[in-house]
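>>> Provided below are the primary sequence and the corresponding predicted coordinates.
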Amino acid sequence: MKFSFFHLMPWTELTEPPAQWPVGNAVFDPARGKELYDQYLDTMAFAEACGFEWVGCNEHHFSPYGLMANCNLIGAALAQRTKTIRLAMLGNLVPLLNPVRVAEEYAMLDVLSGGRLIAGMIRGVPHEYLAYSVNPDESRERLREAAALIVRAWTATEPFAWEGKFYQYPAVSIWPRPLQRPHPPILMSASNEESAEFAAEHRAMVGMTLIAELDIAARVLDTYRAAAHAHGFEPTPDHILIGQNTCIAETDEEARAHLDAGLRYFHRMLMGPIREAQRRVIEGSQFFGEKQQGEGHIKRLATLGTRSIDDMIAAGSVLCGSPATVLKQMKRIRDRLGNGRFNINMQIGNIPNAVVRRGMELFRDQVLPEAREM
């Protein structure tokens with residue numbers, strides 16, 4: 001079993017729930033923001049010393065949910081603070097961006113880091129399309145074309161023209177080219193069966209944040225494996241990354257108390273405006289294709305904040321407890337899903353950084369030695 005240390009870089013200083021999305025930034029204190037960036041970057045770099053194989057970043061907009069509008073900037077900072085850990089950009093929301101720019105920045109990161117980039121090509125969650133005023137109905141087509149253009153830019157050694165439906169360039173020749181050949185490993189999301197099929201078609205690793213029941217996740221991954229086989233690709237457990245909110249402490253009781261407090265802040269302060277924005281997009285677009293899928297997503301968002309820690313542990317959507325307890329939870333999920341990687345997020349809401357760092361130490365000393373042999 002291998003592990004990625006993931007970070008959302010949340011704003012932890014809210015005292016009242018935001019009223020709407022986009023969230024007004026009057027309460028953002030840049031001086032405190034500088035302190036949080038320094039703290040978060042130090043913690044992410046510490047993941048290398050704790051035995052994590054990857055450190056993960058992502059992209060969100062217009063919200064205190066995450067202070068990482070461009071994960072590549074954070075990746076560049078981490079490239080200078082670390083030596084061996086892979087930099088997992090999980091990732092750029094490709095349909096919202098200029099794909100040539102993504103290809104360039106990813107190539108820079110790969111060269112800067114000595115070939116440590118994991119290149120996420122992510123469609124993103126619905127409300128991000130409001131932020132950048134991109135039609136969500138076009139999201140899958142844009143992702144398909146952008147991914148092809150990025151790979152072409154990485155692998156071409158002579159200038160080429162691109163005339164697509166969404167992107168047109170008379171000449172493309174990026175400098176630098178990536179260090180990894182033929183190109184950096186690609187990861188795509190597998191939040192539903194359609195996304196899983198898309199990732200399999202592209203022979204990509206898949207990432208899934210486990211918010212649904214294990215049986216639903218298993219069905220999506222079965223789709224991924226079957227689609228991969230149909231395209232002549234046989235994924236291994238290392239191709240499957242399962243994301244978990246995680247709290248590891250000395251005792252089960254301590255871990256539950258910290259996770260409960262962090263989730264209260266997360267759902268009350270950070271998720272409220274996002275839920276409303278996502279509902280607006282889903283109800284007014286074909287982002288999820290079938291209406292039933294969109295309605296199911298809205299329902300899940302509405303109920304996430306009402307579940308108990310016990311319910312989440314039973315569903316497999318969190319890892320919470322002492323090192324021995326968390327190992328048992330990991331094994332149960334691995335046995336059901338067949339994943340070879342976990343993507344662990346310990347900075348949930350406003351959980352104190354000291355609690356996060358202690359959890360990382362317990363992971364290093366008591367979880368990882370056993371988990372490696374799973």
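Cool, got the structure. Numbers count the residues shown, from 1 in each chain.

>>> can you count the residues close to the closest residue in space to residue 341 that isn't next to it in sequence?
Distance criterion Cβ to Cβ, 6 or more residues apart in numbering; nearest residue to residue 341, sequence neighbours excluded, is residue 241 at 4.3 Å. Heads up, the C-betas are built off the backbone N, CA and C, glycines and all. By other Cβ atoms under 10 Å, 27 other residues sit near residue 241.

>>> can you give me the pLDDT of residue 241?
Among the per-residue scores, residue 241 shows a pLDDT of 98.

>>> and it, that's in a helix?
No: counting by DSSP: H, G, I helix; E, B strand; the rest coil, residue 241 is located in no helix; its state is strand.

>>> mind listing what it touches?
4, 187, 205, 206, 207, 208, 339, 341, 342, 343 (Cβ atoms under 8 Å, 6 or more residues apart in numbering).

>>> quickly list what it is bridged to.
residue 207, residue 341 (DSSP bridges).

>>> for residue 246, same thing?
Here residue 246 sits in beta bridges with residue 319, going by DSSP bridges.

>>> so it makes contact with residue 343?
No: using Cβ atoms under 8 Å as the test, residue 246 is too far from residue 343 to be in contact (9.4 Å).

>>> more neighbours, those two?
Set residue 246 next to residue 343 and count neighbours by other Cβ under 10 Å: residue 246 wins out with 29 against 24.

>>> all strands of the protein, in order?
Using DSSP state E, the strands assigned to the chain run over residues 2-6, 54-57, 86-93, 117-122, 160-163, 168-172, 186-189, 205-209, 240-248, 318-321, 341-345.

>>> generate CSV for those, with distance to residue 279 as supplementary columns.
Below are the strands of the chain laid out as CSV (distance: least, Cβ to Cβ, whole Å):
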stretch, distance to residue 279
strand 2-6, 25
strand 54-57, 27
strand 86-93, 19
strand 117-122, 21
strand 160-163, 36
strand 168-172, 34
strand 186-189, 20
strand 205-209, 19
strand 240-248, 22
strand 318-321, 24
strand 341-345, 24
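
>>> out of the ones you listed, which gets nearest to residue 281?
strand 86-93 (13.5 Å; Cβ to Cβ).

>>> can you pull out the low-pLDDT segments for the stretch 251-374 of the chain?
With pLDDT under 70 as the threshold, the stretch 251-374 of the chain has low-confidence stretches at 289-302, 305.

>>> can you show me the helices along it?
252-265, 272-283, 291-304, 309-315, 323-337, 353-362, 368-371 (DSSP state H, counting those that start in this stretch).

>>> neighbours around residue 23, how many?
23.

>>> and it, how far from residue 66?
Per Cβ to Cβ, to the nearest Å, residue 23 is found 11 Å from residue 66.

>>> the longest helix along the chain - contacts with which helices or strands?
Longest helix of the chain, by residue count under DSSP state H: helix 30-49. For helix 30-49, the packing partners by 3 or more Cβ pairs under 8 Å, 6 or more residues apart in numbering; DSSP states H and E come out as strand 54-57, helix 71-81, helix 353-362.

>>> any residues touching the last one, and which ones?
Read that as helix 353-362. Contacts for helix 353-362 (Cβ under 8 Å, 6+ apart): 5, 39, 43, 46-47, 50, 246-250, 255, 258, 323, 346-347.

>>> closest one of these to residue 146?
Using Cβ to Cβ, residue 5 is the member of the contacts of helix 353-362 that sits closest to residue 146, with 27.4 Å.

>>> for the closest one, what are its contacts?
Going by Cβ under 8 Å, 6+ apart, the list of residues near residue 5 reads 44, 47, 50, 52, 54, 55, 56, 344, 346, 360.

>>> can you report how many residues lie near the closest residue to it other than its chain neighbours?
In space, and not counting its chain neighbours, residue 5 is closest to residue 47: 3.6 Å by Cβ to Cβ, 6+ apart. Per other Cβ under 10 Å, the neighbour tally for residue 47 reads 26.

>>> verify the contact between residue 47 and residue 55 for me.
Yes: using Cβ under 8 Å, residue 47 makes contact with residue 55 at a distance of 4.8 Å.

>>> one step back: residue 126: which of the helices of the stretch 251-374 of the chain is closest?
Closest among the helices of the stretch 251-374 of the chain, using Cβ to Cβ: helix 272-283, at 3.7 Å.

>>> output that closest one as CSV, nothing but the C-alphas.
Extracted in CSV, the C-alpha atoms of helix 272-283 (Å, rounded to 0.1, in the frame of the first residue of the first chain):
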residue,chain,number,x,y,z
GLY,A,272,-22.6,25.8,2.7
PRO,A,273,-22.1,28.2,-0.2
ILE,A,274,-20.5,25.5,-2.4
ARG,A,275,-23.5,23.2,-2.0
GLU,A,276,-25.8,26.0,-3.2
ALA,A,277,-23.6,26.9,-6.1
GLN,A,278,-23.3,23.3,-7.2
ARG,A,279,-27.1,22.9,-7.0
ARG,A,280,-27.5,25.9,-9.3
VAL,A,281,-25.2,24.4,-11.9
ILE,A,282,-26.6,20.9,-11.7
GLU,A,283,-30.2,22.0,-12.0
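
>>> gap between it and the chain center?
19 Å (Cα atoms, centre = their mean, to the nearest Å).

>>> so who does residue 23 touch?
62, 63, 64, 273.

>>> number of residues surrounding the last one?
Number of residues near residue 273 (other Cβ under 10 Å) recorded here: 21.

>>> now residue 358
17.

>>> over to residue 133?
Each residue near residue 133 was counted by other Cβ under 10 Å, and the total is 7.

>>> what's the distance between it and residue 105?
21 Å.

>>> still on that earlier bit, what residues are shared contacts of residue 47 and residue 55?
5, 85.

>>> going by residue numbers, what spans are helices in the stretch 101-250 of the chain?
Under DSSP H, counting those that start in this stretch, the stretch 101-250 of the chain gives helices at 128-131, 139-155, 193-201, 214-230.

>>> right, I'll call it a day here.
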